[in-house]
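Chemist: Sequence first, then the predicted structure, then my questions.
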Amino acid sequence: MYTVVNRVWVASDWCETFEERFRKRAGEVNGQPGFLRMEVLRPLSDGAPYQVLTVWNDKAAFDSWVGSDDFRAAHANPMPKEAFTRGSEMERFETVTAATADPR
């Protein structure tokens with residue numbers, strides 16, 4: 001698996017708007033080949049960034065999404081610059097091992 005983590009520093013006055021945009025997103029990514037899941041994590045520490053995780057079958061699936069018309073549509077109406085306290089940071093990871101709950 002291939003995981004992409006975007007760290008996004010959102011100004012406190014814009015947190016609700018940021019979260020709502022993800023709740024109401026058009027879902028363009030959901031049907032992408034190789035897409036597995038997305039999680040938006042709210043920081044619990046002051047000044048910490050939101051974490052937006054997307055998980056893919058592999059790097060090729062993610063790269064295909066980034067090059068798609070659906071990606072352009074999903075990012076066509078960005079929030080204003082004042083909504084952010086600094087630029088975002090993206091990191092990419094390959095899964096070494098994973099565990100899930102035992103369904104007992």
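Modeler: All right, it came through fine.
Chemist: Could you list the residues in contact with the helix or strand bottoming out on mean pLDDT in the chain?
Modeler: Of all helical and strand segments in the chain, the minimum by mean pLDDT, DSSP states H and E falls on helix 69-74, at a mean of 86. Contacts with helix 69-74, where a contact means C-beta atoms under 8 Å, 6 or more residues apart in numbering, come from 25-26, 28-29, 32, 65. Every C-beta, even on glycine, is put in place using the N, C-alpha and C of the backbone.
Chemist: Could you do stretch 92-101 as well?
Modeler: 1-5, 59, 62.
Chemist: Need the buried ones from those residues selected in ChimeraX.
Modeler: To isolate the buried members of the contacts of stretch 92-101 in ChimeraX, using 16 or more other C-beta atoms under 10 Å:
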select :2,3,4,5,62
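Chemist: follow-up on the earlier one: please name the strands paired to the helix or strand just after the least confident helix or strand of the chain in the sheet, noting orientation.
Modeler: The helix or strand immediately downstream of helix 69-74 is strand 89-94, counting by DSSP states H and E. The strands beside strand 89-94 in its sheet (DSSP bridges) come out as strand 2-8 (antiparallel).
Chemist: Give me the residue at the spatial middle of this protein.
Modeler: residue 52 (3.2 Å; C-alpha atoms, centre = their mean).
Chemist: for that residue, helix, strand, or coil?
Modeler: For residue 52, the assignment made with DSSP: H, G, I helix; E, B strand; the rest coil gives strand.
Chemist: Against residue 15, how distant is it?
Modeler: Separation of residue 52 from residue 15 (C-beta to C-beta, to the nearest Å): 13 Å.
Chemist: quick revisit: out of the contacts of stretch 92-101, what pair is the most spread apart?
Modeler: Spatial extent of the contacts of stretch 92-101 (C-beta to C-beta) is set by the pair 5 and 59 at 14.1 Å.
Chemist: hang on, the earlier thing: CA atoms only: put the least confident helix or strand of the chain into PDB for me.
Modeler: In PDB, the C-alpha atoms belonging to helix 69-74 read as follows (Å, rounded to 0.1, in the frame of the first residue of the first chain):
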ATOM      1  CA  ASP A  69      -9.600  15.600 -14.400                       C
ATOM      2  CA  ASP A  70     -11.300  14.500 -11.200                       C
ATOM      3  CA  PHE A  71      -8.300  15.700  -9.200                       C
ATOM      4  CA  ARG A  72      -8.400  19.100 -11.000                       C
ATOM      5  CA  ALA A  73     -12.100  19.400 -10.300                       C
ATOM      6  CA  ALA A  74     -11.600  18.500  -6.600                       C
END
